[in-house]
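Participant: Model the structure of this input:
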Amino acid sequence: MILLSTLLMVGCRSCARRAAAPRDAAPFRPAPSLAALERRYAALPAATPAAARLRLAEAVKCLRLRRELAARGARAPALRCDAGQRLPRPGPGQLLVALFQLGDRLHPFVHGARGTRALPPLPRVATERLMIALRDELEFGELRPVAPLWRLLERGYRLLLAPAQAELADVDTLVVSGDGLTRFIPWHALLGAGPAGANPPGGRFVASRWAVSYLPCAALWRRGPGPRYGRAEVFVPGYGPADASERLPGGRAEAAALQGRLPRVVVHPTRRATPGRLLAALRRARTVVHYAGHGIADLTPDSPPELDFPRGQPAVGVAQVTRAPALAPLVVLGSCTTAYVARFRDDRRLTTRVNLAEALLAAGVRHVVAASWGVKDRQSAAQMRVFYRHLAAEGPAAALARAYRNRIARLRPPHPRYWGFFAVYGAGRKQGADQAPRIVPGPSPSPCPSPTPTGNDRDPGTGAAS
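Facilitator: Next comes the predicted model:
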């Protein structure tokens, strides 16, 4: 059931809360340097090299993100905005696709091993119209016929990715740094060219051809060696009068999926899954933090998504996760609506201004897995089983691409609403085996009993609806 006033409720892992009272604090005012950089970009001569344009555009996007975080009491220790900062160096097989919104235009770029190329600008109004139609049809449209969604996904590909076809031919990993409403569509679900009338589209999805990750801005591209995983902490809150985690049986299945994958796995079930323990886990190096509970998104401007805990405990939002530098290399938010949440219906345009995935990256986390719409409990568990099976060998983006393809092969039709909800946020230079995550030997496994899926956890091949 979907209920919206100012509060968005979607899927089995979202929950309702009364909207917070308006804040009395004075509105945050952007630093003058942001407006100055925007004017500087608008005044660039036509002959300015594409790399210089992209460098300035990403500095503006960085300052915009810092402004939104600061307005909500969040810090950004890992977010360094500098117009002179070098662009990231994508590794073999990587391509950065970036967009920058200014005035009535969107300015697209591709940046990879071949260098940087500026693509023809896109008209903002027409692009936004397509983004709104695509997102609305994907999340709330009728499941059948599915042809209208396929057409919108094809149009999205032609607009956003087809102009970079020459660069796409030589890569296997895309890093998308969108802007404006292009951040609110799943690029991994766009449909490339294929046989006319092909249904289901199968291998034409972007996720079937490339691993995809997302960045709010290039300043959050992580340099240096790949991540190291030594342990995992899994949080499975218990909801309801008896604090029964069986109300989310998929959460127990996700905890089970980690057992044996890392040297030490600590499970915090029901009453042990508290906000304080989760925040402490974020400060631990080499720790995979996995949350399997409710997410909430109140689509008012000053209410970013939050992780909801039972029994009147405080929610965890962008201000809480950024109070101290986060050392965890990977955070998995197995819940609804913790990334780019949007609602485009009834002539209203409601979007999150900033979200938990962005905040965690700004706090220092290297990769975040988060959902932009509702997540059914058993669908989340099915994807996490495949994701953790391939994480150590291939890294987060490629592992999630494996999970996408597993679901695409099983669903008829392969509607992205039921496989494209999760996405990987964060990126670093890819250098083959040197950049693959490393498992660091640690103590013996946790003495906590190993959780096992309950009988309510369905096989990944069951129908899309739950």
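Participant: When you work out contacts or count neighbours from here on, use the C-alpha atoms and nothing else.
Facilitator: Fine.
Participant: Could you look up the SS state of residue 300?
Facilitator: When classified by DSSP: H, G, I helix; E, B strand; the rest coil, residue 300 comes out as coil.
Participant: quick one: pLDDT of it?
Facilitator: Predicted confidence (pLDDT) for residue 300: 80.
Participant: phi, psi of it?
Facilitator: When quoted as degrees, to the nearest 10, the phi and psi of residue 300 stand at phi -110, psi 150.
Participant: Tell me where the stretch 251-400 of the chain has helices.
Facilitator: Assigned by DSSP state H, counting those that start in this stretch, the helices in the stretch 251-400 of the chain fall at 275-282, 318-321, 356-363, 377-394, 396-410.
Participant: For residue 101, find the nearest of these.
Facilitator: Of all those, the one in closest proximity to residue 101, counting by C-alpha to C-alpha, is helix 356-363 (18.1 Å).
Participant: And the closest one, what does it pack against?
Facilitator: Contacts defined by 3 or more C-alpha pairs under 8 Å, 6 or more residues apart in numbering; DSSP states H and E place helix 356-363 against helix 318-321, strand 367-371, strand 422-425.
Participant: wait, residue 211 sits on residue 174?
Facilitator: Yes. Counting by C-alpha atoms under 8 Å, residue 211 does reach residue 174; the two are 6.2 Å apart.
Participant: just the helices and strands packed on helix 356-363: most buried one?
Facilitator: strand 422-425 (a mean of 28; mean count of other C-alpha atoms under 10 Å).
Participant: circling back: out of the helices of the stretch 251-400 of the chain, which is the most enclosed?
Facilitator: helix 356-363 (a mean of 28).
Participant: How far off centre is that helix?
Facilitator: 10 Å (C-alpha atoms, centre = their mean, to the nearest Å).
Participant: Poorly predicted segments of this structure, please.
Facilitator: Applying pLDDT under 70 to the chain flags the ranges 1-32, 194-200, 202, 241-247, 430-436, 441-466.
Participant: if we go to 50?
Facilitator: Of all residues in the chain, those with pLDDT under 50 make up the ranges 1-11, 15-32, 245-246, 433-434, 443-466.
Participant: one step back: okay, residue 211 and residue 174: which has more neighbours?
Facilitator: Neighbours per residue, other C-alpha atoms under 10 Å: of residue 211 and residue 174, the larger number sits with residue 174, 26 against 23.
Participant: correct me, but residue 173 touches residue 91?
Facilitator: No. Using C-alpha under 8 Å, residue 173 makes no contact with residue 91, being 9.6 Å away.
Participant: Compare the two (neighbour count), which wins?
Facilitator: For residue 173 versus residue 91, neighbours defined as other C-alpha under 10 Å are more numerous around residue 173 (23 against 17).
Participant: count of neighbours near residue 224?
Facilitator: If you count neighbours by other C-alpha under 10 Å, residue 224 ends up with 8.
Participant: show me where the stretch 1-150 of the chain has helices.
Facilitator: So, for the stretch 1-150 of the chain - with DSSP H, counting those that start in this stretch - the helices run 32-42, 50-71, 124-140, 147-160.
Participant: Next, the buried residues of the last one.
Facilitator: The one in question is helix 147-160. Residues of helix 147-160 classed as buried by neighbour count (16 or more other C-alpha atoms under 10 Å): 149-150, 152-158, 160.
Participant: by how many degrees do that helix and helix 124-140 diverge?
Facilitator: Angle, helix 147-160 to helix 124-140, by axes from the mean of the first three to the mean of the last three C-alpha atoms, to 10 degrees: 140 degrees.
Participant: and the helix or strand just after helix 147-160, what does it pack onto?
Facilitator: Using DSSP states H and E, the next helix or strand after helix 147-160 towards the C-terminus is helix 165-168. With contacts defined as 3+ C-alpha pairs under 8 Å, 6+ apart, helix 165-168 has no packing partner among the helices and strands.
Participant: returning to that earlier point: same list (the helices of the stretch 1-150 of the chain) but as CSV, adding distance to residue 381.
Facilitator: CSV is the format used below for these (distance: least, C-alpha to C-alpha, whole Å):
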stretch, distance to residue 381
helix 32-42, 42
helix 50-71, 31
helix 124-140, 20
helix 147-160, 26
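Participant: just the ones you listed: most buried one?
Facilitator: Stretch with highest mean neighbour count among those: helix 50-71 (a mean of 21; mean count of other C-alpha under 10 Å).
Participant: ok, and what's touching that helix?
Facilitator: The contact list for helix 50-71, computed with C-alpha atoms under 8 Å, 6 or more residues apart in numbering, reads 27-31, 34, 37-38, 41, 44, 75-76, 79-87, 100, 109, 115-118, 179, 216-219, 318-319, 353-354, 359.
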